[in-house]
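Asks: need coordinates for the following:
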Amino acid sequence: MSKAKRNPKADRLRENDSLNLHPERVRAEHFRNSAFFDPHDLVQVKYEMLREVSHGGAPKAQAAASYGMSRQAFYQALNAFTLGGIAGLLPGQRGPKGAHKLTDEVVAFVEQRQAEDPGLHARALAGTLREELDLDVHPRSIERALARKKKR
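Replies: Residues are numbered from 1 along each chain as shown. You can find the predicted model right below:
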């Protein structure tokens with residue numbers, strides 16, 4: 001049995017969520033048989049797609065297709081690059097970007113309850129939220145939200 005050669009670059013790209021899962025879709029000529037241009041490197045593919053439009057004058061839809069992307073992916077990459085440069089093309093945090101249950105109104109509710117009873121701890125506050133607002137929040141999330149609010 002022969003083992004397939006490990007590709008350290010592909011492993012690193014996979015770890016960083018920047019491995020292009022569909023390198024076969026990249027049809028741009030300079031990505032074919034090149035040691036420098038790597039269709040597996042999603043950040044490089046996106047950058048080259050944007051460069052081809054801005055400096056090469058290619059139509060956006062055509063460039064997106066040539067680099068194996070949708071038009072929507074092109075505009076998302078353009079926005080990310082405009083806001084953050086090449087670093088903006090790096091994969092971002094997945095999932096919720098903030099506390100989605102503990103809105104400002106809910107935190108105000110918790111603060112009001114704590115002001116009424118300073119001995120009320122996060123576990124009891126979680127119970128109060130469950131009973132009064134039908135909202136299931138972990139006590140540690142309440143502690144973090146109150147700490148964030150206190151920092152501001």
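Asks: how about low-confidence regions in this protein?
Replies: For the chain, the stretches with pLDDT under 70 are 1-4, 93-95.
Asks: give me that answer again for 50
Replies: Across the chain, the ranges flagged by pLDDT under 50 are 1-2.
Asks: domains in the protein, as residue ranges please.
Replies: The record's domain parsing of the chain by automatic domain parsing lists 8-88, 104-151.
Asks: dump these into CSV; add mean neighbour count and distance to P96 as well.
Replies: Where you see a C-beta, it was placed from the backbone N, CA and C, and this is true even at glycine. Formatted as CSV, the domains of the chain follow (neighbours: other Cβ atoms under 10 Å; distance: least, Cβ to Cβ, whole Å):
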stretch, mean neighbour count, distance to P96
domain 8-88, 15, 17
domain 104-151, 14, 11
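Asks: pipe the ones you listed into TSV and attach distance to G98 per row.
Replies: Shown next, in TSV, are those (distance: least, Cβ to Cβ, whole Å):
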stretch	distance to G98
domain 8-88	18
domain 104-151	10
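Asks: residue contacts, the residue lying closest to D41 once chain neighbours are set aside?
Replies: Leaving aside its sequence neighbours, D41 sits nearest to L13 (Cβ to Cβ, 6 or more residues apart in numbering; 6.1 Å). Listed by Cβ atoms under 8 Å, 6 or more residues apart in numbering, the contact set of L13 reads L19, N20, H40, D41, L42.
Asks: show me where the protein has helices.
Replies: Taking DSSP state H to define them, one finds helices in the chain at 8-15, 42-54, 60-66, 71-88, 104-116, 122-133, 139-151.
Asks: which other residues reach the last one?
Replies: Translated: helix 139-151. With Cβ under 8 Å, 6+ apart as the test, helix 139-151 has contacts from 99, 101-102, 107, 110-111, 114, 121-123, 125-126, 129.
Asks: can you add distance to P139 and give the contacts of L13 back as CSV?
Replies: Shown next, in CSV, are the contacts of L13 (distance: Cβ to Cβ, whole Å):
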residue, distance to P139
L19, 38
N20, 41
H40, 44
D41, 43
L42, 39
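Asks: and of these, the nearest to H55?
Replies: Taking Cβ to Cβ as the measure, H55 sits nearest to D41 out of those, at 19.3 Å.
Asks: so what's the closest one bridging to?
Replies: On the basis of DSSP bridges, D41 takes part in beta bridges with L19.
Asks: shouldn't it be in contact with S18?
Replies: Yes. D41 lies in contact with S18 (Cβ atoms under 8 Å); the separation is 6.8 Å.
Asks: cheers, nothing more for now.
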